[in-house]
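Engineer: This is the structure alone, sequence omitted:
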């Protein structure tokens, strides 16, 4: 190579790499800096999925929409207490299951483990539904016909988000 070409090539390489150096410096190292896209989505979904996050707002909304009388208020208060307790229990179970899922690999559970866990969850759900119904029944029976029509819409979803009733050919319990 000629003496002139060697410095020219070196200068060209230097100029070419200078343009990309700031880009390399601007990129965070893997695992450092900002959380990954997956971690951000997981955290957002965990926050949104927290059961009972808006229970007080829901209770205030129900109270306002139903236009309760002073006589109905104590019955609503019992229902509200049950709804709060249910929301708290669901949040605690949600957190416990989240922590358990992080600690236990899904492959570590046997089919028998999963069936027993599902049965325990169903028993808990049935007991919660019975408590809810025991509080809801006297409250609903105290409502006027107009209030019942409003309640039928507002309480269409059960305490766990399950929808009851008939809709487009489906009968019984459905989840939305």
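Structural biologist: Thanks, I have it. Not measured: the values here are computed from a predicted model. Numbers count the residues shown, from 1 in each chain.
Engineer: What segments of the protein are strands?
Structural biologist: Assigned by DSSP state E, the chain shows strands spanning 162-163, 174-175.
Engineer: between those strands, which has the poorest average model confidence?
Structural biologist: Mean pLDDT values for the strands of the chain show the minimum at strand 174-175, a mean of 42.
Engineer: buried stuff in stretch 52-65?
Structural biologist: 52, 55, 59, 62 (16 or more other CB atoms under 10 Å). For the C-beta atoms, the positions are set from N, CA and C on the backbone; glycine is no exception.
Engineer: Check those residues for the minimum pLDDT and say which it is.
Structural biologist: residue 52 (76).
Engineer: show me the residues around that residue that make contact.
Structural biologist: Going by CB atoms under 8 Å, 6 or more residues apart in numbering, residue 52 touches 84, 86, 87, 88, 90, 91.
Engineer: Kindly report the same for residue 122.
Structural biologist: Neighbour list for residue 122: empty [criterion: CB under 8 Å, 6+ apart].
Engineer: Give me the pLDDT value at it.
Structural biologist: pLDDT, residue 122: 95.
Engineer: distance of it from residue 128?
Structural biologist: For residue 122, the distance to residue 128 equals 11 Å [CB to CB, to the nearest Å].
Engineer: quick one: which of the buried residues of stretch 52-65 sit in helices?
Structural biologist: 55, 59, 62 (DSSP state H).
Engineer: can I get these in TSV with distance to residue 142?
Structural biologist: Shown next, in TSV, are these (distance: CB to CB, whole Å):
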residue	distance to residue 142
55	22
59	17
62	14
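Engineer: what about residue 87, how many neighbours?
Structural biologist: Residue crowding around residue 87 was assessed by other CB atoms under 10 Å; the count is 20.
Engineer: That one touches residue 55, doesn't it?
Structural biologist: Yes. Using CB atoms under 8 Å as the test, residue 87 is close enough to residue 55 to be in contact (4.4 Å).
Engineer: contacting residues for the nearest residue to residue 82 once chain neighbours are set aside?
Structural biologist: In space, and not counting its chain neighbours, residue 82 is closest to residue 135: 4.0 Å by CB to CB, 6 or more residues apart in numbering. Counting by CB under 8 Å, 6+ apart, residue 135 makes contact with 78, 79, 81, 82.
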